[in-house]
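Novice: After the sequence you'll find the predicted model.
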Protein chains: 2
Amino acid sequence: MTQIHPVILCGGSGTRLWPLSRKAVPKPFLPLVSTETLFEQAVRRVAGDDRFAAPMVVAGAAHRDLIMAQLGDTPGARLVVEPAARNTAPAIALAAALLPDNAVMLVCPSDHHIADADAFRAAALAAAALAREDYLVSFGIAAVRPETGYGYLERGEPLAGGYAIRRFVEKPDLATAQVYLDSGNFSWNGGIFAFRAGHLLDELAAHRPEMAALVRHAVPEGHSEGACFHPASAPFEAIAGESIDYAVMENTSAAAMVPADMGWSDIGTWAALAEALEDQADPHGNVTRGAADLAGCSGVLAITDGPRISAVGLADVCIIVAGGEVLVTTREGAQAVGKLPGAVNQ
Amino acid sequence: MTQIHPVILCGGSGTRLWPLSRKAVPKPFLPLVSTETLFEQAVRRVAGDDRFAAPMVVAGAAHRDLIMAQLGDTPGARLVVEPAARNTAPAIALAAALLPDNAVMLVCPSDHHIADADAFRAAALAAAALAREDYLVSFGIAAVRPETGYGYLERGEPLAGGYAIRRFVEKPDLATAQVYLDSGNFSWNGGIFAFRAGHLLDELAAHRPEMAALVRHAVPEGHSEGACFHPASAPFEAIAGESIDYAVMENTSAAAMVPADMGWSDIGTWAALAEALEDQADPHGNVTRGAADLAGCSGVLAITDGPRISAVGLADVCIIVAGGEVLVTTREGAQAVGKLPGAVNQ
């Protein structure tokens, strides 16, 4: 059986997790849910299992040292250093162009949490089988609430181990999200994909010929340096950044999905982290990291990198003290953290 | 007309205003309501008005330097340095023993805020007139809510400029406090008093003869040092500490009160400070001191001595960052701040 090639994407600034997530050490490289970072968890999820090949990481130069340190001794790991941030489609295309045409690639963001790694691997195998039949496969994350912050996938006809995708839906309003949840036919689009590398490049050439041509230049004109590959800057920087959903998935006639119920969270906000940490909470639903004294609090997330946090009487509030900044937000307000002056002007 | 002698007491640790109020620099010496400290306000309230003599300050040795600095060039000011903290009765008795028998003393805590200094001085003059007739006079603070944290005074028969006190009531429960408020016959006991010095000492001798005897020893056996007077340690330390209310006011048959509606607050908690600062609030009721970015907040008090505070979506919460400590409390929870480990183990 041919191996699946994990491609781990390290984009995303995680500004809504400021002040812990910073430009220099953003969200993927922080130990948010466990003592491992989200990136380390993404690597370990596919490690030590010979159904998976060594991972290929795609990231910006700014995080190269962090990545090499957190990869540790992962055998055979490679790092593709993006000359510029151009969203997911060019990043995935770079990886595809570096793999054999018939390699099945499993594209994984590194800033998500997956509680059930077994369920993840089972979905990956199902997705890989469909990818070998030239489907472009998205993981359909089991929706568990009427979330308005994600895109949705609507299931079409059944396939072996999955479904065709009837349509992609942008972030819906709450009423629509509730209809989706009740129908049982919609899943969250979690940004995890399986493609045959050559097929992905063919589809990109069909739907985004200019991007495909620039990637085709950037790879042979690039150079390797140990475990790192540096694509040529000029053609890559000339690419108009676009997500893989917009560039390919919403245009192809070969889109499929595999259902994945695996305790997924994008840890998009402090509220999402608080939820992901619920199994670590005290009987009142509080979670603390570092010195924290809570009195009469419930549902409080208190994280500090040094100064003691003392809190009284709060419910469903997140208190984050990091790098000389103090953030206090309700769970409901957590979406707005990324727009605070402190997060914007890092 | 003989002058009124202000006696400014600097007891009270202000632990409920931790982490800004600390043992080394407690509540009276902090600029809580304005750019002046509460102590400076207490001094200035009776300064530049020749109806009032120079102030006599009674405080512990630990705060001597703070007091001398904050007194500045207040002409004629004296400091009585308590050898130990023994509550208000011994502190007041010390001051009385250092004043002429016929001097009228106006006892003022230094950790309260009074918005209307004219109303304060008017009440002081009325209280002094009654004190000259050998009443022991307490200010009856106009009750404006059914407060359960204060003692109450019930009015008896009218006197010139005031009332006899029918009874003293300890902190009531909420239902009782509401009855008091509705009746119009009850005032808060704010800890501001006027006495003729010799009369106060006579009453103390009648009701607490041992305390009176020890104070009588501590003064002649003490010594002066510039503007400071140091009572003898041994007799003063032998005193059993007690409040002036318990030691004298609740036992005398000469208790009187003058009504005082003067924008009084004991600034007892962060919630009380937030209320006292309402006229400095933005249209959403937020008050900030130092670097603070608030988004979607109302009724928030944010005070920092350095690190920026960022807050989202909070209502009626106090965030205090001081001396490397971070406190976040609801207004309702503010009473419990003094029992937090950080406040207790300073």
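Specialist: Nice, thanks for sending it over. Keep in mind that what you see is a predicted model, and the values were worked out from it rather than measured. Numbering: from 1, shown residues only, chains lettered A, B, ... in the order given.
Novice: Just the pLDDT at the closest residue to chain B within the stretch 101-250 of chain A, thanks.
Specialist: Chain B sits closest to A:G149 of the stretch 101-250 of chain A, with a gap of 16.0 Å, by CB to the nearest CB. In this view, the C-beta of every residue, glycine as well, is placed from N, C-alpha and C. Model confidence at A:G149, expressed as pLDDT, equals 88.
Novice: With A:G11 instead?
Specialist: Predicted confidence (pLDDT) for A:G11: 82.
Novice: So which bits of stretch A:307-318 are buried?
Specialist: Neighbour-count burial for stretch A:307-318, counted by 16 or more other CB atoms under 10 Å in any protein chain shown, picks out A:P307, A:R308, A:I309, A:S310, A:A311, A:V312, A:G313, A:L314, A:D316, A:V317, A:C318.
Novice: So what's the gap between it and the chain middle?
Specialist: Distance of stretch A:307-318 from the chain centroid (CA atoms, centre = their mean, to the nearest Å) equals 29 Å.
Novice: repeat for stretch A:123-134
Specialist: When distances are taken as CA atoms, centre = their mean, stretch A:123-134 is centred 19 Å away from the chain's centroid.
Novice: Output the buried residues of stretch A:307-318 in a markdown table, with secondary structure appended to each entry.
Specialist: What follows is the buried residues of stretch A:307-318, written out as a markdown table (DSSP: H, G, I helix; E, B strand; the rest coil):
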| residue | secondary structure |
| --- | --- |
| A:P307 | coil |
| A:R308 | strand |
| A:I309 | strand |
| A:S310 | strand |
| A:A311 | strand |
| A:V312 | strand |
| A:G313 | coil |
| A:L314 | coil |
| A:D316 | coil |
| A:V317 | strand |
| A:C318 | strand |
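Novice: Just give me the closest of those residues to B:D266.
Specialist: Using CB to CB, A:V312 comes nearest to B:D266 of the buried residues of stretch A:307-318, at 19.0 Å.
Novice: Tell me the spacing between that closest one and A:Y150.
Specialist: The spacing between A:V312 and A:Y150, counted by CB to CB, to the nearest Å, is 35 Å.
Novice: How about A:E250?
Specialist: The gap separating A:E250 from A:Y150 is 15 Å, by CB to CB.
Novice: These two: which has the busier surroundings?
Specialist: A direct count of neighbours by other CB atoms under 10 Å in any protein chain shown for A:E250 and A:Y150 places A:Y150 higher, at 20 against 16.
Novice: Kindly report the residues of chain A close to chain B.
Specialist: When proximity is defined as CB under 8 Å from any CB of the partner chain, chain A approaches chain B at A:19, A:293, A:295-296, A:304, A:306-314, A:317, A:319, A:321, A:324-330, A:332-334, A:336-337, A:339-343.
Novice: show me what contacts the residue with the shortest distance to the centre of chain A?
Specialist: Centroid check for chain A by CA atoms, centre = their mean gives A:P109 as the closest residue, at 2.7 Å. Residues in contact with A:P109 (CB atoms under 8 Å, 6 or more residues apart in numbering or on different chains) are A:I8, A:L9, A:G11, A:G12, A:A42, A:G190, A:G191, A:I192, A:D266.
Novice: Enumerate every residue touching the closest residue to A:E221 other than its chain neighbours.
Specialist: Closest residue to A:E221 apart from its sequence neighbours, by CB to CB, 6 or more residues apart in numbering or on different chains: A:A232 at 3.6 Å. When contacts are counted by CB under 8 Å, 6+ apart, A:A232 is found next to A:P83, A:H217, A:A218, A:V219, A:E221, A:G222.
Novice: pLDDT score for A:A232?
Specialist: Predicted confidence (pLDDT) for A:A232: 98.
Novice: try A:M1
Specialist: The predicted structure scores A:M1 at 61 on the pLDDT scale.
Novice: related to what we said a few turns ago, please pick the buried ones from the residues of chain A next to chain B.
Specialist: Buried members of the residues of chain A next to chain B, scored by 16+ other CB under 10 Å, are A:19, A:293, A:295-296, A:304, A:307-314, A:317, A:319, A:321, A:325-330, A:333-334, A:336-337, A:340, A:342-343.
Novice: Can you report how many residues lie near the residue nearest to A:A117 when sequence neighbours are not counted?
Specialist: On the basis of CB to CB, 6+ apart, the spatially nearest residue to A:A117 that is not a chain neighbour turns out to be A:R45, at 5.1 Å. Applying other CB under 10 Å, we find 20 residues neighbouring A:R45.
Novice: before we move on, what about A:L66?
Specialist: Residues lying near A:L66 (other CB under 10 Å) number 18.
Novice: ok, now A:A160?
Specialist: By the measure other CB under 10 Å, the count of residues near A:A160 is 11.
Novice: got the contact list for it?
Specialist: Contact criterion CB under 8 Å, 6+ apart gives A:A129, A:L130 as the residues in contact with A:A160.
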